[in-house]
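Enquirer: Here is a sequence together with a model predicted from it:
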Amino acid sequence: MKSSKPIAGRYLGYREADRAAPYARFFNPELAPLAPHVCAALDRGGVPDILLPDIDQATTNLFGGEAVLEDGFVLTSDGGMRVSVRSAMPSVTPAMVDWWFGWHGDAASKYKLWHPQAHVHVGWRETPPAGASGRVLYVGQTSIVDEYIGSDLIRGAIRFVPPATLGFTDKSLDDDQQATIICAQIGLGDAPIDIGYLAHHVRAVPGGSEMRSRFWMGGRHVAGRNLIGGMAAVVAKRVLSVTESDARALLVHCAQEMPHLASFLPELFGEFKDAE
C-alpha cells in the first residue's frame with residue numbers, strides 16, 4: 001500500500017489541548033488483547049478466495065442464510081485483498097454506531113478515541129449539513145483520515161455511500177435499533193484514486209451488537225476519480241499490489257479499533273448524543 005508523509009502539527013495520542021475537550025476522559029491509550037477468533041485467523045493465514053467473496057456477492061455473504069467465514073483474509077490474483085473481521089460490541093446498539101460515524105469526523109481528538117495507538121487526524125472534505133446527526137450526517141460525505149495501518153501512515157479518503165449503492169437493501173436495515181450497515185468507497189487522500197470498498201454490518205444480538213466488517217481493496221477496485229486519476233490508476237494497479245503483511249495489518253487494525261470503540265461508546269453516546 002501507499003504510505004503518506006507526516007504533516008506538521010499532526011500526531012498520535014493526546015496532548016494538553018486535547019485533554020481540554022469535554023469527552024477527553026474517554027481517551028484510553030490501552031487496547032484490549034485481540035479476540036481469540038482473530039488470533040486464530042492470523043495463525044491460519046490466507047484462505048482460498050471462494051471463502052471470502054468479492055463485493056458483487058457481498059449481499060448474499062452478509063445477509064444470506066449460509067454460514068460464512070467471519071474472520072480472515074484473501075490475497076487475490078489481480079493484486080488485491082479481501083479482509084473479514086467480526087467484533088463483539090457489548091451494550092452497543094446499531095443506532096449508536098450510526099451516531100458515532102457522524103459525530104467523530106470533525107475533530108482529531110474525537111477520532112483518536114477510536115484507536116489511540118493508530119489514529120492521527122480526521123476532517124470532513126466538505127461541511128456536513130447543519131444540525132444533522134447519524135446517517136444523515138455522514139452518508140454522502142467524505143472523511144479525510146490520517147492513520148497507521150500497521151507501521152505505515154496512510155492518508156485516506158473515505159466516501160460514505162448509501163447502502164443500496166453496494167446492493168444492501170435488506171429490510172432489517174430499516175430499523176436502526178436492529179441493524180445498520182456503514183458503507184464507503186476508500187480512496188487515497190493525496191491523489192484522485194480509489195482503491196476499494198468497506199462495509200461494517202452491525203446487527204443487534206443478546207447483550208448488545210455484533211459488527212461484521214468487510215474490506216475489498218486493490219486489484220480490480222483501483223480506479224481514478226477523474227481523467228488524471230484514471231491515467232494514474234493504470235500505473236497504480238501495478239505499484240499498489242498488496243502483500244500478506246498489508247492484509248494482516250488491516251485485519252488487526254479493525255479487530256483492535258471496533259472492540260475499543262465498544263468499550264466506551266454506550267457511555268459516550270449517553271452523554272453527548274444530544275449535544276450540538
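Expert: Perfect, I can see it now.

Enquirer: Quick check: buried residues in stretch 111-126?
Expert: The neighbour-count check on stretch 111-126 (16 or more other Cβ atoms under 10 Å) flags 111, 112, 113, 114, 115, 116, 118, 119, 120, 121, 122 as buried. Heads up, the C-betas are built off the backbone N, CA and C, glycines and all.

Enquirer: Helices of the chain, residue ranges please.
Expert: Assigned helices in the chain, in chain order: 36-44, 58-63, 94-103, 108-114, 135-138, 227-239, 244-272 (criterion: DSSP state H).

Enquirer: which helices and strands does the second one pack with?
Expert: What it means is helix 58-63. strand 193-205, strand 208-218 (3 or more Cβ pairs under 8 Å, 6 or more residues apart in numbering; DSSP states H and E).

Enquirer: try the fifth one
Expert: Using 3+ Cβ pairs under 8 Å, 6+ apart as the contact criterion, the secondary-structure elements in contact with helix 135-138 are helix 94-103.

Enquirer: Over to the last one?
Expert: For helix 244-272, the contact count by 3+ Cβ pairs under 8 Å, 6+ apart identifies helix 36-44, strand 72-75, strand 80-90, helix 94-103, helix 108-114, strand 142-149, strand 208-218 as packing neighbours.

Enquirer: out of those, which comes closest to residue 63?
Expert: Nearest of the helices and strands packed on helix 244-272 to residue 63, taken as Cβ to Cβ: strand 208-218 at 10.3 Å.

Enquirer: got the angle for the closest one vs helix 244-272?
Expert: Here strand 208-218 runs at an angle of 140 degrees relative to helix 244-272 (axes from the mean of the first three to the mean of the last three Cα atoms, to 10 degrees).

Enquirer: Give the other helices and strands that strand 208-218 contacts.
Expert: Packed on strand 208-218, when contacts are counted by 3+ Cβ pairs under 8 Å, 6+ apart, are helix 58-63, strand 80-90, helix 94-103, strand 193-205, helix 244-272.

Enquirer: quick one: buried residues of the shortest one?
Expert: So the one you mean is helix 58-63. Result for helix 58-63 [16+ other Cβ under 10 Å]: buried residues 58, 59, 61, 62, 63.

Enquirer: Would you confirm that the first one contacts residue 201?
Expert: So the one you mean is residue 58. No: contact criterion Cβ atoms under 8 Å: residue 58 and residue 201 do not qualify, at 9.3 Å.

Enquirer: who touches residue 249 in this structure?
Expert: By Cβ atoms under 8 Å, 6 or more residues apart in numbering, the contact list for residue 249 reads 149, 150, 151, 152.

Enquirer: Now the buried members of those.
Expert: Using 16+ other Cβ under 10 Å, the buried members of those are residue 149.

Enquirer: Mind picking the two most distant members of the contacts of residue 249?
Expert: 149 and 151 (8.5 Å).

Enquirer: dump the residue contacts of residue 77.
Expert: Residue 77 neighbours (Cβ under 8 Å, 6+ apart): residue 49.

Enquirer: Could I get the pLDDT score of it?
Expert: Looking at residue 77, its pLDDT stands at 91.

Enquirer: sorry, back to before: what's the closest of the helices and strands packed on helix 244-272 to residue 180?
Expert: The nearest among the helices and strands packed on helix 244-272, by Cβ to Cβ, is helix 94-103 at 4.0 Å.

Enquirer: For residue 8, what are phi and psi?
Expert: Main-chain dihedrals, residue 8, degrees, to the nearest 10: phi -60, psi 140.
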